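Participant: Have a look; sequence and predicted model below, questions after that.
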Amino acid sequence: MAVAIHRVLAAAATLVCGAVTGVSLTGSSAQAHDDLDWTAISANSDARLYTAPNTLSPQLRESAVAHGADKLENPVPDAQYYGYSGDGPHVPDLAVPPGNVESTKTEPDKNTYLRLPGLTGVDAAYHYGSHFLFQGHENGVTGYVTRVNLDADAAHRVTLIASKLSDGTKAPAIDGSTWDPWAHKLLFTAENGNKGAVLQGGTEPGGTLQDISFALGRGGYEGIQNDSAGNLVIVEDSGGASPTGSAAKDPNSFVYRFVPTDRTDLTKGGRLQALQVASARTHQPITFKPVDNAATPPSTGGIFTDDQKDLSNYGTTFDTTWVTVHDTATDPSGRPFDANALAKTAGATPFKRPENGVFRPGVNFREFYFTVTGDTNATSPANAGFGGWGGVFKLEQSGAGAATGRLTLSYRGDAAHTGLDNISFIDRDHVAVVEDRGDGLHTQLATLDSAYVLDLRGHTAGGVQPVRFLAEGRDSAATLDNELSGTPGWKNDGDNEITGIHTSDGDAGVGGILGAKVPRPFEHGWRLFWTQQHGDNITYEIDSNS
């Protein structure tokens, strides 16, 4: 292994660059904005033991706003740096016992940008400015929340907001985040199956996170967004089981909506609902059953059913209904509950690992788009026509809080565009989606992750192809982590991942929730962020190159 490490370090200067191709977002069918002209580029190839830089469309540039090695201005033993826990060195040291070879990477995840004048920090004499980027951390000795003070100097750049729950225990690993302007709270999700949670907390250091799972349940929660009525739409990522000898995964995740009793105080409870989709063939609900076997009859929502085929291909419109899975009015026990299990009991419809969702701006919250990651395995037999490559769904409703709606497949993934994860609107008609293929699929297809812009006016029939505007590379730390994968005691992920794609003008008022305003990229205070997770754990801001 020492020889392999030497080879990694010796190759650290070798670059595998994404080339520019001749496709752009200009033209009558793809004009998103008068000044938007993002030229498509090629993906970075997965050349083992070699690093690669990130490449962007030539109209764009990126700059780091936080580095994994940035020391928190108020560290605690388990959380000392933006991207590293306090349990080991930043660079692998194979001379120490397994488990302490390298610090556990904290993996800052979903970004939430806010303009909040008057926030303070641990230095009472320092002015922290008014522009802040919040994120939970998906890994590490403890989960925690950080605030990147975008106006601050290096010594005050990153502040630890919270690393414990209100009962004094360590915070769980955190994935999604958003700002709830009615409750004046940051909301975070923990993607941890029946131990997952929704947490709420404040914006200043020294606080704790409150677990509100008695109201919103436990599940593999990731994406979370408000609608204009103050409801919360939550997207779950819970992988399903596979038939014996197959790489295909059973649909096992749900899309939820929480209708609060009092939108200014989520601790007062409310109703948790799950999305139920009706078969276009039978008009009966598409429901969950375990992986099909001799003892289990085929299910309408199983891997290789006609309904799953319809869901995974263009041309079919499905009727939808929100079904209630839990109500604190009828369950005042105050105890957390398994949302995934109750969604199955209520006859909600399972999907193949939805991860994040967002409302389309400029349409009065009538359209909600969510990504589906799929099986992330090139050998999955579900790739050919049964959703294995993932995609993007559109849920249309008459307005926020509507009981019924329609579901269509907006974009069908393929080998070149797969593992879709975070999502963010760039303007009214173009949405950015990013990949999380994982090390295995990187190797299978010899390609690293990318971020794309989809033109929603051309994808309902699979017409306009995505425009790749970001080809993620692989930094030296991730290259080394990848090579060390499988070493006894090794605990860090390998290749870099794109996460936290986020467009916002930072408006913290009710009128500033995502989907309320049409973004103007790089104008009038609109900013675009993303995080290169794993490896060096760097968060970037993307800006115009002009």
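Facilitator: Right, received. Where do you want to start?
Participant: Just say helix, strand or coil for the spatially most central residue of the chain.
Facilitator: Central residue of the chain (C-alpha atoms, centre = their mean): Asn422, 3.8 Å from the mean position. Recorded secondary structure, Asn422: strand (DSSP: H, G, I helix; E, B strand; the rest coil).
Participant: contacting residues for it?
Facilitator: Neighbour list for Asn422: 110, 355-356, 371, 433-434, 498-502, 530 [criterion: C-beta atoms under 8 Å, 6 or more residues apart in numbering]. (Each C-beta comes from the backbone N, C-alpha and C, glycine too.)
Participant: May I ask which of those residues has the most neighbours?
Facilitator: Thr371 (32 neighbours; other C-beta atoms under 10 Å).
Participant: Nearest residue to that one in space, please, no chain neighbours.
Facilitator: Excluding the flanking residues, the one nearest Thr371 by C-beta to C-beta, 6 or more residues apart in numbering is Leu420, at 4.1 Å.
Participant: Which secondary structure state does Thr479 sit in?
Facilitator: Applying three-state DSSP: Thr479 is helix.
Participant: ok, for it, nearest residue in space, not its chain neighbours?
Facilitator: Thr51 (5.1 Å).
Participant: right, and that neighbour touches Leu480 too?
Facilitator: No. Judged on C-beta atoms under 8 Å, Thr51 makes no contact with Leu480 at a distance of 9.4 Å.
Participant: who touches both of these two?
Facilitator: By C-beta under 8 Å, 6+ apart, no residue touches both Thr51 and Leu480.
Participant: Where does His326 fall, secondary structure wise?
Facilitator: strand 318-327 (DSSP states H and E).
Participant: now that strand: how far from the chain's centre is it?
Facilitator: How far strand 318-327 lies from its chain's middle: 23 Å, per C-alpha atoms, centre = their mean, to the nearest Å.
Participant: Which helix or strand lies directly C-terminal to that strand?
Facilitator: Immediately after strand 318-327, counting by DSSP H and E, sits helix 339-345.
Participant: Tell me who's in contact with the closest residue to Tyr126 other than its chain neighbours.
Facilitator: Distance criterion C-beta to C-beta, 6+ apart; nearest residue to Tyr126, sequence neighbours excluded, is His156 at 5.5 Å. Neighbour list for His156: 73, 121, 123, 126, 128, 149 [criterion: C-beta under 8 Å, 6+ apart].
Participant: separation between the fourth one and Thr159?
Facilitator: Looking back up the chat, that one is Tyr126. 11 Å (C-beta to C-beta, to the nearest Å).
Participant: cool, the first one as well?
Facilitator: If you measure Glu73 against Thr159 using C-beta to C-beta, the figure is 6 Å.
Participant: Repeat that for the last one.
Facilitator: Counting by C-beta to C-beta, the gap between Asn149 and Thr159 amounts to 6 Å.
Participant: what residues are shared contacts of these two?
Facilitator: Common neighbours of Asn149 and Thr159 (C-beta under 8 Å, 6+ apart) are 121, 128.
Participant: which residues of the protein score low on pLDDT?
Facilitator: 1-36, 96-99, 291-299, 458-464, 489 (pLDDT under 70).
Participant: how near is the closest residue in space to Asn252 that isn't next to it in sequence to Pro350?
Facilitator: Excluding its sequence neighbours, the residue lying closest to Asn252 (C-beta to C-beta, 6+ apart) is Gly240, at 3.2 Å. Using C-beta to C-beta, we find Gly240 at a distance of 7 Å from Pro350.
Participant: which ones are touching Glu102?
Facilitator: Glu102 neighbours (C-beta under 8 Å, 6+ apart): 88-93, 481, 492.
Participant: out of those, which is most surrounded?
Facilitator: Asp481 (26 neighbours).
Participant: Looks like that one contacts His534 (just checking).
Facilitator: Yes. Asp481 lies in contact with His534 (C-beta under 8 Å); the separation is 6.8 Å.
Participant: Common neighbours of those two, please.
Facilitator: With C-beta under 8 Å, 6+ apart, Asp481 and His534 have common neighbours 105, 492-494.
Participant: between those residues, which is nearest Val65?
Facilitator: Lys105 (18.1 Å; C-beta to C-beta).
Participant: returning to that earlier point: a markdown table for the contacts of Glu102, including distance to His184?
Facilitator: What follows is these, written out as a markdown table (distance: C-beta to C-beta, whole Å):
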| residue | distance to His184 |
| --- | --- |
| Gly88 | 38 |
| Pro89 | 40 |
| His90 | 36 |
| Val91 | 41 |
| Pro92 | 43 |
| Asp93 | 45 |
| Asp481 | 39 |
| Asn492 | 36 |
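Participant: Contacts only, for Ile224.
Facilitator: 176-178, 187, 189, 198, 232-235.
Participant: any idea how far the residue nearest to Thr479 is from Arg115?
Facilitator: 36 Å.
Participant: of the two, who's got more company?
Facilitator: When neighbours are counted by other C-beta under 10 Å, Thr51 and Arg115 differ, and Thr51 comes out ahead with 22 against 18.
Participant: And stretch 520-529, end to end?
Facilitator: Its start and end residues considered, stretch 520-529 measures 14 Å (C-alpha to C-alpha, to the nearest Å).
Participant: right, I mislabeled it, should have said stretch 321-339
Facilitator: Using C-alpha to C-alpha, the two ends of stretch 321-339 sit 17 Å apart.
Participant: before we move on, what about stretch 152-161?
Facilitator: End-to-end distance (C-alpha to C-alpha), stretch 152-161: 16 Å.
Participant: Same check on stretch 258-273?
Facilitator: Start to finish, the residues bounding stretch 258-273 are 6 Å apart (C-alpha to C-alpha).
Participant: Could you pull out the buried residues of that stretch?
Facilitator: Within stretch 258-273, the residues that count as buried by 16 or more other C-beta atoms under 10 Å are 258-260, 263, 266-267, 269-273.
Participant: contact partners of stretch 68-87?
Facilitator: Residues from elsewhere that reach stretch 68-87 (C-beta under 8 Å, 6+ apart): 66-67, 90, 100, 103-108, 121-123, 137, 140-142, 144, 146, 148, 154-160, 163, 170, 205, 477, 535-539.
Participant: now do 7 Å
Facilitator: Applying C-beta atoms under 7 Å, 6 or more residues apart in numbering, the set of residues contacting stretch 68-87 from outside is 66-67, 90, 100, 103-106, 108, 121-122, 140-142, 144, 146, 155-160, 163, 205, 536-538.
Participant: How about stretch 488-500?
Facilitator: 98-99, 101-102, 104-105, 109-111, 135, 421-422, 434-436, 439, 442, 448-449, 451, 472, 474-475, 478, 481-482, 484-485, 529-535, 539.
Participant: now do stretch 392-403
Facilitator: 227-229, 231, 320-322, 364-372, 405-411, 420, 433, 454.
Participant: give me every residue that touches Asp439.
Facilitator: 482, 485, 494-495.
Participant: for the protein, what spans make up the helices?
Facilitator: Remark: helices assigned in the chain by DSSP state H are 2-10, 213-216, 306-311, 339-345, 438-445, 476-484.
Participant: Ok, which of these comes nearest Ala329?
Facilitator: helix 213-216 (10.9 Å).
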